[in-house]
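Participant: my questions are about this predicted structure, shown below with the sequence.
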Amino acid sequence: MAHHKTKILAMIGMLILMDGCSWFKKKGRGNQAAPRKPKSADIRSGDDGEPGLSHRANVRFKKIFLLRNDYARALQLPPNQLCVEAGKDCLENYNIVLGGVDANLMLYERIEKPVPTSPIAIERVALQACARRVDLDFGGGSPLIFTRIPASSTNFTDAHKDAVQRLYRNFLQRDPTDGDYAGHEKLLDSVSSMVSGNEIGKTWAKSACWMVATQLESVLY
Amino acid sequence: MAFRLAFTQARAAVMALYVVALMGVSQPALGNAANARSLCAAAPDAPGCGTGQAECATCHTGAPSLNPYGSCLKDAIGRAGSVDAAIKAVMRNDCDGDGASNFDEFVSGTAPGVADESQKSRPGDDRSCDARGAGSGYNLCGYDHDYAYKRVYQDFCGISPTFEAFQEFKELPLTDKEQRIASTVDACMKSNFWRGKGGILWDMAGVKVRPLSVIKAGDDGGEIPLADYYDDYNLYIYHHVDDADVRGVLTANYYVTRRDGAETSYTPTENVPLTTKKAGVLAVTGSFYNSTQQFVPKDKRAGVLSTSWAQNGLTMFASIPRSTAAHFYRVYLGLDISKNQGLVEPGSNFRLVDYDNKDVTRPACAACHRSLDALTYPFTKYNGLTFQILGRDINSAGGFVGGAVGGTVSLPPFLASIVQGGSSAFGGDLLLLGEYNENRMKILAKMNATTEPNLASTPSSGFILGRPVNSLPEWGRVAASSNEYARQIVHDYWRQLIGEEPNAETEDDFESLVENLKTKHNYRVRNLLLDLVTRDAYGAP
Amino acid sequence: MSRSKKNSKNHKRSGLDRREVLTQGLILAMGPLLWSPRRLLAAETATDDRRFLIVMHGSGGASIIDSFMALSSNEVRSAGGDANQLNCYEPAQLVSFSDSPLRAVNYQGTIAVLGNLKVQGAQDAFVRKHKQDMMVVTTESTSVTHTTAQKRSVTGNEAWSGRTIQEVVAASYGKGLPLANLLLGQGGFVEHGIDSSLPGFAKGILVNEPATWSKGLSSAYGIDEAPSEEVMAVAREIRDQMLDAPSAFYRTFKESPVMRDWIRARSDTRDLFERSKLAAGLDISSGNANAIELMRVFPDYTWDPYEAQAILACMAITQGTTCTVTLGPSFTVVSKGGLSETRNPPIGFDFSHASHRGVQSLMWTRMLSITDRMIGFLKSKEYPRGGSYWDRSLAYFATDFGRSKIRPGAADVFASGHHLNNGVLVISPMANGNKVLGGIDPKTALTYGFDPASGRPDTGRKTEEKDLFAGLLQAMNINTSAVHGAPDMRAMRRR
């Protein structure tokens, strides 16, 4: 009888476990409704199964005007002060590779497909813009994203999680998944081993911001 | 799309062979109707087989250079001994190596001589779209309103929606979602991001206008003000918003002014007053035209085809302004003559004459110039920068155009008094920069007697898309009502909003949008775009 | 419940399924490629026998009869022409050489409409110094429209399936180079070709701001506030493997060519640029040892974009970055001060519409000055296989078209229009130097062609765009069998 009880308990445990796993996944996706049988007119995600391939796969990269606006709002910075290089708005340096036009150079049509330096330019812009936001947030004023991040803590606290959530909501208009949080926690682990004391918090913040700002989902659509 | 492209492909094959024949290369004349029938005999299901003219681009990059299909066919002709057998022999080959046979490309309307990577089959995910969509957060079976809403915000408003706005949207019932998408598009098309100076439509206009700031007059003027192309930008944008008929870009007999501000507004106007900033050469002609800066009489106007910019900025010194005509043909109808597109035969009664001594009747040149010259004649009364008074070319006597450097015109002394005297002093023997002049070709013929003695006989009626036209306004009307014009408009927005060429999956959407623009939407771009954003091509992940 | 939570927590901490991470990570890092830096790396040692093309473009119409094929008024009269109505030069302004068929124009004058700008052209010094490498080829263009004509000057009017000459050279000599085809100039000279079969690495990279452009080759170079390289490397890896790879966005849309290109560019391409230290190596700043000498040679780079282009071009060639550069004066005004200090007039050579001779002299002087200094630098740099970089270089002075030949009433200041008839300058140790291929009719100032094999002038021939195109490539030891109908332009190669 004890043996049967154990078996039943194990089965119940397994059922709970499976349900628990899916519950966590649901939670990570921001409170989605339970999956329904999809219909062509209105299909929402189930959280089950391997995400499938879009055959159309029509993806574009964010051109300079959209990128500027999105970054400015996500980081609460003025749109023409995201980054400064050689004394001017650095986005203008990368105007063409970021899909801008320049009539003075007789470049009237914007590129539709990215060129090899397009992602590199965006990474530069993101790095500088994130650094600005982090400097402001750690600089003694009212932080907007990185609130109450301890300067030297190596623990992934609620403050870190809140910051990650803000980053995801600001840049990607969604909540982080469990995997996203795990990645940011892993980042903190790594930064803690590479950077000393009071620099840990700031360094983590800059690189966490940069990771989200340059995620595929942030720069492509 | 497939019908249209395959039809043009068939025509292209014929024209390609025709060009080869005209080049006088030592092989039998290949371009003729019989060979066009051979192509269709080999691919009887290819849509569009029948009468009509080909685009050269099926076989050529630029005549006589061959693309991969043209090279294949040429080699096959050498081996097979007849065009008929050669076309058949390569029909199942994949000459451009993109994974689709020549036959498949003809049938589906893609180019057998241009490699298209998207033809290659992708690794499969053979599950049903329902199964694929589950777990992704996207509807992979069709239109996804959440996905579309975000896109619409990014494309029309220039920013992603906030997290809160997006969450709120996702909770809406379906019909509310549809309405919200439409209202977002409508609202954001009124924004400066969309229609203001430097906005989306502004950049689209720039592709058509091809500005050159150094020769701009007016606001933001350059060092040698020749014309104010903001008038052209305004004309273009006005007809692409609200309830305007987009054909007006090529047919309007009015101009448009713009007021910048928190909201940008565009207003039609009969005339444009001469700018007070850097008027440049416009000031001289303007003094004969009531201090305005657009000089074409109302009944001779044809939208952007007849502006000071078109004439001073594009035509410049050309007697027969072929590059002006070709430019408009390309940017508004999508037909690039330098790539041998749109070479529509003006008809067997048309005789190509070398009016300006440019050797256009040489066989290698005539292949393009039969179409191009016929296209250009209606532009010849619209003067560019040639400035002639009583047989004297003012530009040669002191570089008048150069005299506009710095914004104000430095007239040679003898000219200042003449200009003061007024145009009536000249008895018609006056040709001003940027004006419409019935006698232009006669005046130029006298002026260029040693270099272009036959100019006076240049006709002002011509042909566009195979139709005879007697004036530039008529040219504009035929162009604006053409299928090519509608296609180019849809293509321009398609490129802006979808970012890739129509393909087998999306071509139906594309074709139906072209048809709807001409019919259901009555040439209103606003309605076209409200339609476009509801299509799977836009909103299906 | 707590057990399931704990298990879930463990699941979260360990991140992803290991196999999944590896698979997704590999896919993210690699991907099927048309343009593969990894393939390039493998091919790096395939060839070091390169040639270098420098397309030096004269925007607006650089006239050969106002330079190296100038006519003297005496010649025109002797031939029965009207020297007062033709663009020819008086003996005081024209230099002939006993040991060269080349001419030089030393025009002294004023451009009134540019604030009485003084022009003191001296082409003879350049000819004396470089004549052994200078070859003039008479040409006939096919368009009087700037952009069309400019593009045709680099495609031979679509002679090679629509490829530009820069693309052909890059495809032939650019394997293993990070930026095989650099386009620093403007207009139709820097347009891409239309041949979709061109290898991706040969496609031109447009550089619009040469002075600051190189920073864009690195995601962190010069950013003082950046975390350390080690931290950024970890952040990159976590982003790629733990955030992007498992994301619904990536997994749904990963077949997109844009997505794949993006991933490839931010990983392989970026790696290649970083390992090659391109951003630092091509940085025009005193912090870059490679740039210091060139900043002295071209000291006006801060306000003259043409000088900045020249610095970048020289660095890119001699640092193993590129095998073809395109540079040239633009259509915009360049001046240190006001109009009277204009170095580049509005619309470049095309300002000949206002003041032909002064503008031609000003612009030729400008281009020859830059070219002379570039040649000097390239001669001073040893090529790994021996000889200098200049030994393997060819500078092609592409231009839209010629200018009209009429000069009304013996005027010194007059306007000119566009004209199809012209000639072009080529400078190279590989070219048939100290030579004029073709001739000129002194009565009309119209040039005519030459026999492609012998180089003998032939009044019955004209050099078409495709002939010039093929001849330039042949001089660079490139097989031109893909150019339809082009002869062997033997006369253009050094014997």
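Facilitator: Noted; the coordinates are in hand. Residues are numbered from 1 along each chain as shown, chains lettered A, B, ... in the order given.

Participant: helices along the stretch 251-400 of chain C, start to end?
Facilitator: With helices called from DSSP state H, counting those that start in this stretch, the stretch 251-400 of chain C shows them at C:257-264, C:270-275, C:278-281, C:289-297, C:305-318, C:356-380.

Participant: just name the most buried of those.
Facilitator: helix C:305-318 (a mean of 25; mean count of other CB atoms under 10 Å in any protein chain shown). For every residue, glycine as well, the C-beta is placed using N, CA and C.

Participant: next, count neighbours for whichever residue of chain A sits closest to chain B.
Facilitator: When scored by CB to the nearest CB, chain A has A:Gly52 as its residue closest to chain B, at 2.4 Å. Neighbour count of A:Gly52, defined by other CB atoms under 10 Å in any protein chain shown: 22.

Participant: quick one: pLDDT of the closest residue to chain B within chain C?
Facilitator: Of all residues in chain C, C:Ala354 sits closest to chain B, at 2.2 Å by CB to the nearest CB. pLDDT, C:Ala354: 79.

Participant: does it touch C:Val113 like I think?
Facilitator: Yes: counting by CB atoms under 8 Å, C:Ala354 touches C:Val113, with 5.3 Å between them.

Participant: just confirm yes or no for stretch C:199-208 near chain A.
Facilitator: Yes: for stretch C:199-208, a contact with chain A is found by CB under 8 Å from any CB of the partner chain, at C:205-206, C:208.

Participant: which of these fall in strands?
Facilitator: C:205-206 (DSSP state E).

Participant: separation between C:Leu278 and chain A?
Facilitator: 10 Å (CB to the nearest CB, to the nearest Å).

Participant: let me see the contact set for that residue.
Facilitator: Taking CB atoms under 8 Å, 6 or more residues apart in numbering or on different chains, we find C:Leu278 in contact with C:178-179, C:214, C:217-218, C:321.

Participant: give me phi/psi at B:Phe463?
Facilitator: phi -140, psi 140 (degrees, to the nearest 10).

Participant: correct me, but it touches B:Gly342?
Facilitator: No: with contacts counted by CB under 8 Å, B:Phe463 stays clear of B:Gly342, the gap being 11.5 Å.

Participant: overlap in contacts of the two?
Facilitator: With CB under 8 Å, 6+ apart, B:Phe463 and B:Gly342 have common neighbours B:Ser371.

Participant: spatially nearest residue to C:Ser323 (excluding sequence neighbours)?
Facilitator: Not Ser; residue C:323 is Cys. In this structure, C:Cys323 finds its nearest non-sequential neighbour in C:Tyr173, 4.3 Å apart by CB to CB, 6 or more residues apart in numbering or on different chains.

Participant: residue contacts, that neighbour?
Facilitator: C:47, C:50-52, C:180, C:323-324.

Participant: again, but for C:Lys203
Facilitator: So C:Lys203 contacts C:35, C:167, C:170, C:181, C:192 (CB under 8 Å, 6+ apart).

Participant: got it, and B:Glu178?
Facilitator: B:145, B:534.

Participant: look up how far chain C lies from it.
Facilitator: Distance, B:Glu178 to chain C, by CB to the nearest CB: 23 Å.

Participant: assign a three-state SS to that residue, would you?
Facilitator: For B:Glu178, the secondary structure call by DSSP: H, G, I helix; E, B strand; the rest coil comes out as helix.

Participant: any idea how far it lies from B:Leu530?
Facilitator: Distance of B:Glu178 to B:Leu530, computed by CB to CB, to the nearest Å: 11 Å.

Participant: just the element for the nearest residue to C:Leu368 once chain neighbours are set aside, please.
Facilitator: Nearest non-adjacent residue to C:Leu368, counting by CB to CB, 6+ apart: C:Phe126, 4.5 Å away. When elements are assigned from DSSP states H and E, C:Phe126 belongs to helix C:124-130.

Participant: can you check B:Lys442 too?
Facilitator: Following DSSP H and E, one finds B:Lys442 within helix B:440-447.

Participant: show the pLDDT at A:Glu50.
Facilitator: pLDDT, A:Glu50: 59.

Participant: the stretch 251-400 of chain B: helices as residue ranges?
Facilitator: Going by DSSP H, counting those that start in this stretch, the stretch 251-400 of chain B shows helices at B:282-286, B:308, B:322-333, B:363-376.
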